[in-house]
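Asks: sequence plus predicted model, see below.
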Number of protein chains: 4
Amino acid sequence: MGIKSGEHYIARIDEANPNVWLAGEKLAVKPSQHPAFRGLMRTQAALYDMQGSDEHRDKLTYWDPELDQPVGLSYLQPKTKRDLARRRGMMQTWAERHHGFLGRSPDYMNTALMAFSVSAPLLAKEYPEYADNVKRYYKYCRENDITLSHAFIQPPSARMTSFLQSLEPPAAAHVVERTTDGIIVSGAFYMTTQGVTAEEIIVFPTPLPHLSATDNPYAFVFAVPNNLEGMTFVCRENWANADSAYDYPLSSAMDEMDTLVLFDHVKIPADRVFLYGDSFMVDRWMRECRFHPHASHQILCRVVAKTEFIGGLLECIIETMGLSTYSHVTEKSAEVMAMTETLRSMLLASEATAAKDRFGSMLPNPDILYSANFLYPRLYPRLVEILQLIGAGGLIMIPGEKDFESAKGSELEKYLRSGSLDAKRKTALLRLAWEIGASSFGGRQTLYERFFFGDANRVASRAVENYSLRRKHMERVAEFLNIDSASIFQKG
Amino acid sequence: MGIKSGEHYIARIDEANPNVWLAGEKLAVKPSQHPAFRGLMRTQAALYDMQGSDEHRDKLTYWDPELDQPVGLSYLQPKTKRDLARRRGMMQTWAERHHGFLGRSPDYMNTALMAFSVSAPLLAKEYPEYADNVKRYYKYCRENDITLSHAFIQPPSARMTSFLQSLEPPAAAHVVERTTDGIIVSGAFYMTTQGVTAEEIIVFPTPLPHLSATDNPYAFVFAVPNNLEGMTFVCRENWANADSAYDYPLSSAMDEMDTLVLFDHVKIPADRVFLYGDSFMVDRWMRECRFHPHASHQILCRVVAKTEFIGGLLECIIETMGLSTYSHVTEKSAEVMAMTETLRSMLLASEATAAKDRFGSMLPNPDILYSANFLYPRLYPRLVEILQLIGAGGLIMIPGEKDFESAKGSELEKYLRSGSLDAKRKTALLRLAWEIGASSFGGRQTLYERFFFGDANRVASRAVENYSLRRKHMERVAEFLNIDSASIFQKG
Amino acid sequence: MGIKSGEHYIARIDEANPNVWLAGEKLAVKPSQHPAFRGLMRTQAALYDMQGSDEHRDKLTYWDPELDQPVGLSYLQPKTKRDLARRRGMMQTWAERHHGFLGRSPDYMNTALMAFSVSAPLLAKEYPEYADNVKRYYKYCRENDITLSHAFIQPPSARMTSFLQSLEPPAAAHVVERTTDGIIVSGAFYMTTQGVTAEEIIVFPTPLPHLSATDNPYAFVFAVPNNLEGMTFVCRENWANADSAYDYPLSSAMDEMDTLVLFDHVKIPADRVFLYGDSFMVDRWMRECRFHPHASHQILCRVVAKTEFIGGLLECIIETMGLSTYSHVTEKSAEVMAMTETLRSMLLASEATAAKDRFGSMLPNPDILYSANFLYPRLYPRLVEILQLIGAGGLIMIPGEKDFESAKGSELEKYLRSGSLDAKRKTALLRLAWEIGASSFGGRQTLYERFFFGDANRVASRAVENYSLRRKHMERVAEFLNIDSASIFQKG
Amino acid sequence: MGIKSGEHYIARIDEANPNVWLAGEKLAVKPSQHPAFRGLMRTQAALYDMQGSDEHRDKLTYWDPELDQPVGLSYLQPKTKRDLARRRGMMQTWAERHHGFLGRSPDYMNTALMAFSVSAPLLAKEYPEYADNVKRYYKYCRENDITLSHAFIQPPSARMTSFLQSLEPPAAAHVVERTTDGIIVSGAFYMTTQGVTAEEIIVFPTPLPHLSATDNPYAFVFAVPNNLEGMTFVCRENWANADSAYDYPLSSAMDEMDTLVLFDHVKIPADRVFLYGDSFMVDRWMRECRFHPHASHQILCRVVAKTEFIGGLLECIIETMGLSTYSHVTEKSAEVMAMTETLRSMLLASEATAAKDRFGSMLPNPDILYSANFLYPRLYPRLVEILQLIGAGGLIMIPGEKDFESAKGSELEKYLRSGSLDAKRKTALLRLAWEIGASSFGGRQTLYERFFFGDANRVASRAVENYSLRRKHMERVAEFLNIDSASIFQKG
């Protein structure tokens, strides 16, 4: 069928009717009718509708000759720099609709699945059936415009060595039984974002514990619909405020619910298993499939849009409050401008210096992308801090829509106005800044950006270990000092 | 009557029945019954009850010989270092009850009023009746244990020069009429914290505009009950969550509502007016009354308790999650420890180096206290950042009390536990960290600490302009270089 | 004649024999024989020799059809993105020879002069003779490969308002007399770098004071040889150490002497005057000639090379000392890598998003370049700090070449070696790190990068005021909130 | 004899005639005649002369009843808070003479030796002769006012595990032979500061490798004169500039030379050995002797003086250049003021909260002192950075004394003056700032402060592991959440 509409998206999620628990109760209504999901689903529906619109279709899709239909462009394997530019055009168009607040807009997982699929040859020699499963699944998702989420983080108890070494069965997810029909899995995954509002979920835990056995029950990769028997999504506290777009311009539309996914003897069909038992191969595939560079290209499109949006908001506040003549304000404007231009430059340069990889992909430059992954968890909190420093008390003393409509509205209008902008519109700017800078929604966004790709050490190691220019720069120093560079690298 | 009980406190607030608007509606119930005020009022009631308890009475009160009753110790003018130590003991006892989250616990304004009263001699020569009013009001509040708030920030529109220069009447608060009974005031004040949950309010705006006339209608200081005709409190959005102390350990008990106070032709009785018309004297009194050092002593007691509490929380999380062996975690622990010990040291040293001022007060050292005022707005956000960096995803994926009580509770218990601490108690630590580090309540706390005593420039200027050792340190350099220090100070 | 050789360069400087004072004495030998200039001049000679070498000629020069000779590529006006890439190739080739430590390698001023020349049309309508002078001078310099420096900063006394308002003649440089042969100038300029080791100097002070008269004696732009009668160069303290390339690998070769230039009734020939008397036009030309973007493109080439070199050195030390397994070291490596990749990306992206300007130049993107100008004064000191943190005590306890050659050399060799690298070579790495991180040479480099393009406020203002995307990002926010963006910009 | 004079000090160092190598040559003149040591020795002589002066004697000495002479107060074991205050008075008096630039002014090692001596009872049970040696040595040094340095850091090669595990003898210092007369030691120690300008040296390496044997040849503590046969001091590069106090106000007087000490079969007399062979006891003594708190008290006195001095310099520059009205300058002033007041407060509070330890010392509070140890390596580099940011180009373009005396002096005077301060005196301020902020002397000072008490991890661990209030703060949180605090500490 190719691309789906927003209506399709909502209908499929509602029909799937996954087992969702929120605030201690099983969800009794369809997701699209619940305030914790309603706003987000509308926003995602709008993204899908853009794919089919005359205005955006050419930018957001490409023609699948086999299917003879347009399909989502984020499924496209980039083979040329032009492909990368097209992918960027697609991802930016969506990102400028959700302003970067959706970390799991559908193009993220589409891109991940594309990376898994094009790297299937890695598996083909030893596990031809798994390689086929991956490629078939990719085709299925692309042709049906499936909305995906993923799960890979083990819950705290699974990571505690003491537990794993004790006699009791480890809390880490594992295969309970293998049958001819597939594998049966039990366990939990921590923090699946958009678990409820996606149709399917790809599961690829880092194998824990690292047993040497070939039938390691902790080593597997698979994909399943969200509503298989035995699957449960337990939601975190809801921070969406669906009621007023004026009061909550962001959380009424863009709060991605995070969930804990529980698997209780879930049967994974054989054709949905992408790897099993070989913990070495799971690690290798995840490390070599180039998921990280491809996904980082998407992330960078997203965070550019987010930074531009917050920068724009900051300038609106500065302009409205008449702060632009203060030198300490100008310095903060320049700092945000420099962040924005840095990230934009890295995005463009990652494409300009892309190179073909062994899977035939034109791979955007990992040196640059991993550097951006390292930077953004430091830049985003500073962006929020600057918003707090400029917004100041204006982010605390915020009336809402009902206040302006009340009998006291005219007095609020009189005292809270600012230059030419009336109080209600000025307050709209401040409420937006508050949602980003000081609300529970904003708090989650800050945490999310801090840890998007793992903790600081992991992100730093990934960058440094893969840095292709390290040796070249070292050799330049060795040559300058007339030292044989080999002697620097020889281990004593 | 002397000190009041918690019951008295609640009864008086409820009886006063001020005109309060929240979320577009006039408050229809008594404050103590409304979820936005209930938790806070209980906490404040507990503070007042401590005053009368056998355990704390001696520490929290002193004997008023005239009244022949104990009164609140924060009303005490410190005349010796021992008095300062007693005041500290009192303020720390309360702060360790509310852990520093109440910026306006009653001792703050009691201290402010004490400073105003002991500096009344400044006014006595030119305005003997005003000086008497101040002293009488202080006596009244001390003897009746009145709970106070204050208002002094002009709303944005009042600060816009363009408005003030236009023909329309300025939006700044001003005296509309002066009668034999007192003055009649109209205008608004931005961000009165605890306006609703105090009995009276002291109003002392920085005079705007600075007209040279002696009858400057923008220059005044007065105090009034919160329920005079024509007064309205418009609340910001409510971020208190009164329902579950487990889910919201802080915001269920300590969210101080901020309000915009509107005065519409409010009659201020003559004996409640402390200054009127003389903008020079308003400025001078505020600058010379030593409100800032006395209040800063109270603030420092408060922020020491807050920093210790958050530091303790951080260590609980580190211990529970088994993180103490990571060097980057140890460095953060050391950083928080250093913050704590810095602030504690400054508190003690401000007393050890206190000196008598012209009002007979033993004044805690302003050099040290203004330095602490400058530091804390930088330290607190870093404290929050460290909490985010250590808590990580644990601050996002937080279930609540109902989740643990639900059918899924046992699975949460299984997967979210950590070492010896069960999941529910471990989650209690994380929810507390979330409230401080990533919730709307926490966002307001961060903004509040950033701007407690004005923006960074103002706080820096206050510190530098009053630095008593500046010249001494400069002279040491001049002497070292054999330069006549006078030549450095002479203006060209 | 086109490009010159290193020999030519040295001969011309020595022949010019400018009036130079150093450490209280007039220079008694030729510059190339003095330890303060010798090393630097050799390095610059090597740069010129590269222009003529078979290996580099094509990369460093372009064919001047009129002259029928190759000329320096940094004189080329870029008209296409390919031209920008060629210019970058040239500038990087030189920068990778001096590793970015020469802030005034000849391509810097060549680029500046190119910008002045291509913007001469700005002057042509009102001052056709000045426009011709500029273009003729550019041709002269290009065809003769003239080495240039410049002067534009007024000394402190000139900037003191009190002096300028007094009756005594202001200390700012000014035209004393205008004759038919040209203008006669007296005054001083602060901090002309490489004043002694260049052939000519372009002078363009910001006009001070800003008199309204058309014959403003403080408003002028001109260029002169360094040895005109009445010109004196007073050097700062010398920090070059010419004696041992082992001990001082950088300062023995790359210390650019800064000078105070004194003009005492110097006669500027009429054909060397580019503007006179019209302070408005001086300001306008400097602001609109696009000197800043063109120069920033050169600067970015330079700082990329410098950052790569210091990053390479850091990795050599980490590798040699076996520190790469420490997580806090990896984080620093990642930070330096991210700096490097950020700057490289900005360089490439400034070209990819270049656009034609009204002078026919393909202008590299000022948004990006001004952002880089803002960032580098913050990044470079951090780079130095990281070098200090990693080098630690190794940067203090540094023996020199003579120590290794002495009777104690074998013991130093025994105790200071490290893994496979012997002590002398390991110490060479540390001495290089010391020169950058803790020596007087390094101290000047840090100051130089901090203030390369003015103080932080000036650089921030230039960036923010010229930011072409500011309005676009603000409009995105306005649209999101349904606010008419015009109302945000209207002034109240 | 008791306290010595400056003349004594110089005479003893010159007579000892230690084996010193500098720049590849054996020192051919007496230390006091060599430019690398001359200035420093004069400054130290001045400190000793202060002890005997009428003005300072009472503050700097105490009466030794046995000797019936005054002795240096830094030898005093503090038994009361008044003793701590006296010790502070002594240490501040010296520090305000050398302005904190002497990290090894004699009171530092005197204090260390006092800590060793009062903790000798730790050794007494198992090694009574060693305990006696320590006490006797302390008495000898106190009674003869011996100037001490120390050595404890192993050179890099000794710390390389690979070397230690190989067959060749490890490079770590060790006892080659034990005789009835004492022990014979070979090996090197990294970075003994003031090795040449002290009379004796105390050696206490961290035992490497940690062999279990009781006769561990790597485990020892001893003290010896600097001129025993077989001892050599190899100096780092000299950064002292002894010639002009105007040009080099600091390095002409305060550069403490660092040395590498080589021991080649040096015979340590038996009565100078404080421990041998028992690596467990060496570690325990060093950990428990309370050297760190006592020394940190001295350090804090020193860094307070240094911070005050640099702060004073900063204010002189701000005043002279007329910068005090810029808000970004005020903010930096406030930051430095806050640093100063923080450190001063910690010093006072460490005494106010001191407590008796098991050796009968009134121990200044380690929580506070270790926090200060953690802070200063972060504060000092920021102080230097602020100096750079305020001094700006003024720290580069610095003429010297000879320039002012030359024929060009009057022009320098004209253009470099500033307000009322003439150019030569203004330049004196800038030269001082340059020495601290951008010279080789200053670079060493920054490195020295960064690593004074070890690298950041070590200093952080020492602070956190010894924090006496950690549990108390954690219990406050546990109580607030109704969690049994024991469950937090139990290990799973």
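Replies: Looks like it came in fine.
Asks: can you tell me how far A:A219 is from chain C?
Replies: Distance, A:A219 to chain C, using Cβ to the nearest Cβ, to the nearest Å: 27 Å. The way it works is simple: take the backbone N, C-alpha and C, and place the C-beta from them, glycine included.
Asks: revised request: answer the last question for A:K139.
Replies: To chain C, A:K139 is 35 Å away according to Cβ to the nearest Cβ.
Asks: what strand or helix carries that residue?
Replies: Using DSSP states H and E, A:K139 sits in helix A:128-144.
Asks: count of residues packed around A:E449?
Replies: Residues contacting A:E449 under the criterion other Cβ atoms under 10 Å in any protein chain shown number 22.
Asks: strands along chain A, start to end?
Replies: A:20-22, A:25-26, A:61-64, A:69-72, A:148-151, A:174-179, A:182-193, A:200-203, A:216-225, A:231-235, A:258-269, A:273-277, A:355-356, A:362-363 (DSSP state E).
Asks: could you dump the ones you listed to CSV with mean pLDDT and distance to chain D?
Replies: Putting the strands of chain A into CSV (pLDDT from 0 to 100; distance: least, Cβ to the nearest Cβ, whole Å) gives the following:
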stretch, mean pLDDT, distance to chain D
strand A:20-22, 98, 24
strand A:25-26, 97, 25
strand A:61-64, 97, 51
strand A:69-72, 97, 47
strand A:148-151, 96, 25
strand A:174-179, 94, 21
strand A:182-193, 93, 18
strand A:200-203, 98, 27
strand A:216-225, 95, 21
strand A:231-235, 97, 22
strand A:258-269, 97, 21
strand A:273-277, 96, 30
strand A:355-356, 98, 38
strand A:362-363, 98, 37
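Asks: reformat these as JSON lines; add mean neighbour count.
Replies: Output for the strands of chain A, formatted as JSON lines (neighbours: other Cβ atoms under 10 Å in any protein chain shown):
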{"stretch": "strand A:20-22", "mean neighbour count": "24"}
{"stretch": "strand A:25-26", "mean neighbour count": "12"}
{"stretch": "strand A:61-64", "mean neighbour count": "17"}
{"stretch": "strand A:69-72", "mean neighbour count": "20"}
{"stretch": "strand A:148-151", "mean neighbour count": "22"}
{"stretch": "strand A:174-179", "mean neighbour count": "16"}
{"stretch": "strand A:182-193", "mean neighbour count": "22"}
{"stretch": "strand A:200-203", "mean neighbour count": "23"}
{"stretch": "strand A:216-225", "mean neighbour count": "23"}
{"stretch": "strand A:231-235", "mean neighbour count": "22"}
{"stretch": "strand A:258-269", "mean neighbour count": "21"}
{"stretch": "strand A:273-277", "mean neighbour count": "24"}
{"stretch": "strand A:355-356", "mean neighbour count": "12"}
{"stretch": "strand A:362-363", "mean neighbour count": "20"}
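Asks: check contacts around A:L412.
Replies: A:L412 makes contact with A:P399, A:D403, A:F404, A:A423, B:V234, B:L260, according to Cβ atoms under 8 Å, 6 or more residues apart in numbering or on different chains.
Asks: you'd agree the fifth one is up against B:N19?
Replies: I take that to be B:V234. No - using Cβ atoms under 8 Å, B:V234 is not in contact with B:N19; the gap is 9.6 Å.
Asks: before we move on, back to that, I'd like the contacts of A:L412 as a markdown table, with distance to D:R378 appended.
Replies: Shown next, in a markdown table, are those (distance: Cβ to Cβ, whole Å):
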| residue | distance to D:R378 |
| --- | --- |
| A:P399 | 42 |
| A:D403 | 45 |
| A:F404 | 47 |
| A:A423 | 44 |
| B:V234 | 44 |
| B:L260 | 41 |
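Asks: which of the residues you listed lies closest to D:L348?
Replies: Distance to D:L348, by Cβ to Cβ, is smallest for B:L260 among the contacts of A:L412, at 42.9 Å.
Asks: in space, what's closest to that closest one - neighbours in sequence excluded?
Replies: Nearest residue to B:L260 in three dimensions, chain neighbours excluded: B:V234, at 4.5 Å (Cβ to Cβ, 6 or more residues apart in numbering or on different chains).
Asks: could you check how far the one you found is from A:E405?
Replies: Using Cβ to Cβ, to the nearest Å, we find B:V234 at a distance of 13 Å from A:E405.
Asks: can you check A:M397 too?
Replies: Distance from A:M397 to A:E405, by Cβ to Cβ: 18 Å.
Asks: those two: which is more packed in?
Replies: Per other Cβ under 10 Å, whichever of A:M397 and A:E405 has more neighbours is A:M397, with 24 against 12.
Asks: correct me, but that one touches B:T193?
Replies: No - contact criterion Cβ under 8 Å: A:M397 and B:T193 do not qualify, at 9.8 Å.
Asks: mutual contacts of these two, please.
Replies: B:D258.
Asks: pull up the per-residue confidence for the closest residue to A:R476 other than its chain neighbours.
Replies: Closest residue to A:R476 apart from its sequence neighbours, by Cβ to Cβ, 6+ apart: C:G312 at 5.3 Å. You'll see C:G312 listed with a pLDDT of 98.
Asks: cool, and A:T330?
Replies: At A:T330, the model reports a pLDDT of 97.
Asks: mind listing what it touches?
Replies: Listed by Cβ under 8 Å, 6+ apart, the contact partners of A:T330 are A:S324, C:N457, C:A460, C:S461, C:V464.
Asks: tell me which residue of the stretch 151-300 of chain A lies closest to chain C.
Replies: Scanning the stretch 151-300 of chain A for proximity to chain C using Cβ to the nearest Cβ identifies A:P249 as nearest, at 6.3 Å.
Asks: that residue: neighbouring residues, count only.
Replies: Quick note: A:P249 (other Cβ under 10 Å) scores 22 neighbours.
Asks: wait, A:E288 touches A:S119, no?
Replies: Yes - between A:E288 and A:S119 there is a contact under Cβ under 8 Å: 6.8 Å.
Asks: looking at these two, which has the bigger crowd around it?
Replies: Per other Cβ under 10 Å, whichever of A:E288 and A:S119 has more neighbours is A:S119, with 22 against 13.
Asks: got phi/psi on the more buried one?
Replies: Dihedral pair for A:S119: phi -100, psi 10, per degrees, to the nearest 10.
Asks: how about it, nearest residue that isn't a chain neighbour?
Replies: Closest residue in space to A:S119, ignoring its immediate chain neighbours: A:C289 at 3.7 Å, by Cβ to Cβ, 6+ apart.
Asks: I'd say that neighbour and A:A115 touch.
Replies: Yes - using Cβ under 8 Å, A:C289 is in contact with A:A115, at 5.3 Å.
Asks: circling back: turn the contacts of A:T330 into JSON lines, columns for distance to A:E449, pLDDT and neighbour count.
Replies: Formatted as JSON lines, the contacts of A:T330 follow (distance: Cβ to Cβ, whole Å; pLDDT from 0 to 100; neighbours: other Cβ atoms under 10 Å in any protein chain shown):
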{"residue": "A:S324", "distance to A:E449": "27", "pLDDT": "91", "neighbour count": "13"}
{"residue": "C:N457", "distance to A:E449": "29", "pLDDT": "93", "neighbour count": "15"}
{"residue": "C:A460", "distance to A:E449": "25", "pLDDT": "96", "neighbour count": "25"}
{"residue": "C:S461", "distance to A:E449": "29", "pLDDT": "96", "neighbour count": "17"}
{"residue": "C:V464", "distance to A:E449": "24", "pLDDT": "97", "neighbour count": "24"}
